[in-house]
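> Give me coordinates for this.
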Amino acid sequence: MPLEPHVRFPVMCLTQDGTGIPHAEQAARLCAAGARWIQLRMKEAPRALWLEEAGAAARACHASGALLIVNDSVEIALASGADGAHIGGSDGAWAEARRALGPHHILGGTVNTPAEGRRAVACASLDYAGVGPFRFTSTKRRLAPVLGWDGVRRLVAELGEIPAWVIGGVTPGDLAALREAGAAGVAVSSSIHREGRLEDNLRAFLDAWPRSEKEARVPAQLP
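Model (predicted):
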C-alpha cells in the first residue's frame, strides 16, 4: 500500500496491556486526542477477546480517519477490518504475511539489526519498519540489544526506501534529532500511557515532531 506516513502519521501509538483501560477504549481516546496511527498490541489475549477489541478499535480509528495495525496477527487484522499487521523480524514471515494481506493492506516488520534490515529490503514485502530498541524499555520481556543513536542511523541507512519508525524508550525531546537521523516517525507505548494521561502525553509527542510534519494532527483520509 503506498503511504506517506512520515507526513501524516509520524507518531504511532501502541496500545498496552495492564492499564485498566480496554484496548479499544485506548485507541478511541488516542484518536480523539489527535493520533492518526494506532498499533493494537495485545499479548496472550484469548482470540475472541482479541478479535472483539480489534474490531472496536478499527471502528474507532476509521471514524477519526486513523489507521489501525494489529501486532502479531494477520488473521486478526483481516477479520477485524484493520488496515494491516505488524510482524516480528523474519523475512519468511514477512513474505507469508504479504501474501495473506494482499497489496491493499499495510505490513510492518520489526528490525533490530543491520542483517534484518538487509533481509527486509531483499524481501520487498514491508511498507515500513519498526526500528529499535532505541533505549532500554521495560515494555518487552525479551529486549533486543539497544541501538542508541549510531545504531538507529545505521539501520535507517540499511533500510533504504523502507520508512523507519523508531521505538523503545523514545521521549518527546528525541523527536527532532531522530527525524534528522532519517526516521520517518516514532512508535511509542509506555510514554503514551504514563499515569493514564494519554491525551497529554500524546500531545507532547505531536508537538515535538518538527513543525513541517504537523499534518499528523489533521484528520487524514485513509489511503
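
> Strands of the protein, residue ranges please.
Assigned by DSSP state E, the chain shows strands spanning 11-14, 37-40, 67-71, 84-87, 106-111, 128-131, 164-167, 185-188.

> Turn those into TSV, columns for mean neighbour count.
The way it works is simple: take the backbone N, C-alpha and C, and place the C-beta from them, glycine included. Below are the strands of the chain laid out as TSV (neighbours: other Cβ atoms under 10 Å):
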stretch	mean neighbour count
strand 11-14	27
strand 37-40	28
strand 67-71	26
strand 84-87	26
strand 106-111	24
strand 128-131	28
strand 164-167	27
strand 185-188	28
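
> Give me the outermost residue of this structure relative to its centroid.
The C-alpha centroid of the chain is most remote from Ala48, which lies 22.9 Å away (Cα atoms, centre = their mean).

> helices or strands up against the lengthiest helix in the chain?
As assigned by DSSP state H, the longest helix anywhere in the chain is helix 47-63. Helix 47-63 sits against helix 23-32, strand 37-40, strand 67-71, helix 74-80, with contacts defined as 3 or more Cβ pairs under 8 Å, 6 or more residues apart in numbering; DSSP states H and E.

> Dump those to a markdown table, plus distance to Leu147 and mean pLDDT.
Shown next, in a markdown table, are the helices and strands packed on helix 47-63 (distance: least, Cβ to Cβ, whole Å; pLDDT from 0 to 100):
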| stretch | distance to Leu147 | mean pLDDT |
| --- | --- | --- |
| helix 23-32 | 26 | 97 |
| strand 37-40 | 19 | 97 |
| strand 67-71 | 20 | 97 |
| helix 74-80 | 27 | 97 |
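
> buried sites along the longest helix of the chain?
Of all the residues in helix 47-63, those buried under the rule 16 or more other Cβ atoms under 10 Å are 50-62.

> again, but for stretch 28-45
28-31, 33-42, 45.

> Span of that stretch from start to end?
Stretch 28-45 has an end-to-end distance of 19 Å (criterion: Cα to Cα, to the nearest Å).

> so how far is that stretch off the chain centroid?
Average the C-alpha atoms of stretch 28-45, do the same for its chain, and the two points are 9 Å apart (Cα atoms, centre = their mean, to the nearest Å).

> Quick one, which of the helices and strands packed on helix 47-63 gets closest to Arg194.
helix 23-32 (13.0 Å; Cβ to Cβ).

> Contacts for that closest one next, please.
With contact meaning Cβ atoms under 8 Å, 6 or more residues apart in numbering, helix 23-32 is reached by 13, 15-16, 19, 21, 38, 40, 42, 52-54, 56-57, 60-61, 63-64, 66, 68, 192-193, 198-199, 202.

> Fine by me, thanks again.
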